[in-house]
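# coordinates only, sequence not included:
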């Protein structure tokens, strides 16, 4: 998808009175409608990733690994309350999934969501670079 598709920017051309081509940019003016539906979770995900402690918690997981809250608390210098808060934010952003087994809750990274979100952002940045006028 192009950046123009994401943000509703339409680019056209017209010939002015001196027979010169002028680019015309018409942008949506409704600020509330700018974010496309496919980006609905992006703000929540980037907010969750914006905290250094949450980044460190995610980096504790090896690929495909499941950890319990107790294991994460044992590794970090944070209190159990602070870890629980950070895990709640990560789960709220759906970056962590949970599975209860007996009395333990096992957490794992939602790699599909993370990859999809980062790919959407990379596609957007690439589209911006390709549209840049030198």
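Perfect, I can see it now. Everything quoted here is computed from the prediction, not taken from an experiment. Numbers count the residues shown, from 1 in each chain.
# Strands along this structure, start to end?
Taking DSSP state E as the criterion, the chain carries its strands at 10-15, 21-26, 67-68, 96-101, 104-109.
# Which strands and helices lie in contact with the third one?
Yep, that's strand 67-68 we're talking about. If contacts are counted by 3 or more CB pairs under 8 Å, 6 or more residues apart in numbering; DSSP states H and E, strand 67-68 sits against strand 104-109. C-beta coordinates here come from the backbone N, C-alpha and C atoms, glycine included.
# average pLDDT for the strand it packs on?
The pLDDT scores in strand 104-109 average 96.
# strands paired with that strand, and their directions?
Take DSSP bridges as the rule and strand 104-109 pairs in its sheet with strand 67-68 (antiparallel), strand 96-101 (antiparallel).
# what comes up buried for the longest one?
For strand 96-101, burial by neighbour count (16 or more other CB atoms under 10 Å) applies to 96-97.
# And the residue nearest the centre of this protein?
Taking CA atoms, centre = their mean, the centroid of the chain lies closest to residue 42, which sits 3.8 Å from it.
# okay, now the domains of this protein?
The chain breaks down into these domains under automatic domain parsing: 1-34, 42-113.
# what's the least confident stretch among these?
Among the domains of the chain, domain 1-34 carries the lowest mean pLDDT, a mean of 54.
# Same list (the strands paired with strand 104-109) but as CSV, adding distance to residue 120.
CSV is the format used below for those (distance: least, CB to CB, whole Å):
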stretch, distance to residue 120
strand 67-68, 27
strand 96-101, 20
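# wait, which of those is closest to residue 53?
Among these, the nearest to residue 53 by CB to CB is strand 96-101 (13.7 Å).
# starting at the chain centroid, how far to the closest one?
Distance of strand 96-101 from its chain centroid, counting by CA atoms, centre = their mean, to the nearest Å, is 21 Å.
# what does it contact?
Under the criterion CB atoms under 8 Å, 6 or more residues apart in numbering, residues 66, 87, 90-91, 105-110 lie in contact with strand 96-101.
# Quick one, which of these are buried?
For the contacts of strand 96-101, buried by 16+ other CB under 10 Å: 66, 87, 90-91, 105, 107, 109-110.
# Closest to residue 59 out of these?
Out of the buried ones among the contacts of strand 96-101, the member with the shortest distance to residue 59 (by CB to CB) is residue 109, at 9.9 Å.
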